[in-house]
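Student: quick one, structure for this:
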Amino acid sequence: MRDLTELQHRVAAGLPAYLGIRITHVAEGELHAELTLRPELMAVNGYLHAGTVVSLADTAAGFGCVAHLPDGADNFTTIELKSNHVGTARAGTVACVARLVHGGRTTQVWDATVSHVETGKVIAHYRATQLILYPRG
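Tutor: Here you go, the predicted structure:
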């Protein structure tokens with residue numbers, strides 16, 4: 001399993017960095033991430049944009065996968081994702097807890113729950129399947 005410092009360094013690039021996503025915890029079969037809300041992450045109606053929620057959950061599940069790659073694997077790609085949005089937020093921090101449901105040699109399945117830190121209310125349930133990639137040759 002990769003350590004928290006390495007994952008925090010890797011999340012500091014690309015879309016996760018642009019959105020402000022932070023990885024806060026990694027343990028066996030689990031990864032936590034969070035995001036402070038700001039106007040740019042909202043939909044035109046003033047509520048949290050669904051794409052922001054999915055990006056947070058997908059980042060948590062993806063970095064969870066990276067942290068738990070099987071021996072010999074060097075990367076992954078998401079092959080399916082699904083989210084159910086059951087709440088929203090307008091300010092504060094949203095947190096995501098991603099948990100490994102299936103950790104095979106060719107696929108991993110991660111479930112994630114996104115919630116509003118200040119109220120504890122669940123915002124979304126998310127599931128992703130990742131294809132494990134191995135070096136060619």
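Student: and Arg10, what pLDDT?
Tutor: On pLDDT, Arg10 comes in at 89.
Student: okay, and the helix or strand of this protein with the least pLDDT?
Tutor: helix 4-10 (a mean of 90; mean pLDDT, DSSP states H and E).
Student: show me what it packs onto, helices and strands only.
Tutor: strand 22-27, helix 50-67 (3 or more CB pairs under 8 Å, 6 or more residues apart in numbering; DSSP states H and E). All C-beta atoms are positioned from the backbone trio N, CA, C, and that covers glycine.
Student: who does the helix or strand following the last one pair up with?
Tutor: Past helix 50-67, heading to the C-terminal end, the next element that is a helix or strand (DSSP states H and E) is strand 75-85. Neighbouring strands of strand 75-85 in its sheet, by DSSP bridges, are strand 122-133 (antiparallel).
Student: buried ones in the partner strand?
Tutor: Within strand 122-133, the residues that count as buried by 16 or more other CB atoms under 10 Å are Ile123, Ala124, Tyr126, Arg127, Ala128, Thr129, Gln130, Ile132.
Student: cool, stretch 68-88 as well?
Tutor: By neighbour count on 16+ other CB under 10 Å, the buried set for stretch 68-88 is His68, Leu69, Ala73, Phe76, Leu81, Ser83, Thr88.
Student: of those, which is the nearest to Leu100?
Tutor: His68 (6.1 Å; CB to CB).
Student: in contact with the closest one: list those residues for me.
Tutor: Counting by CB atoms under 8 Å, 6 or more residues apart in numbering, His68 touches Met1, Gly29, Leu100, Gly103, Gln108.
Student: turn these into a markdown table, including secondary structure.
Tutor: Below are the contacts of His68 laid out as a markdown table (DSSP: H, G, I helix; E, B strand; the rest coil):
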| residue | secondary structure |
| --- | --- |
| Met1 | coil |
| Gly29 | coil |
| Leu100 | strand |
| Gly103 | strand |
| Gln108 | strand |
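Student: done for today, thanks.
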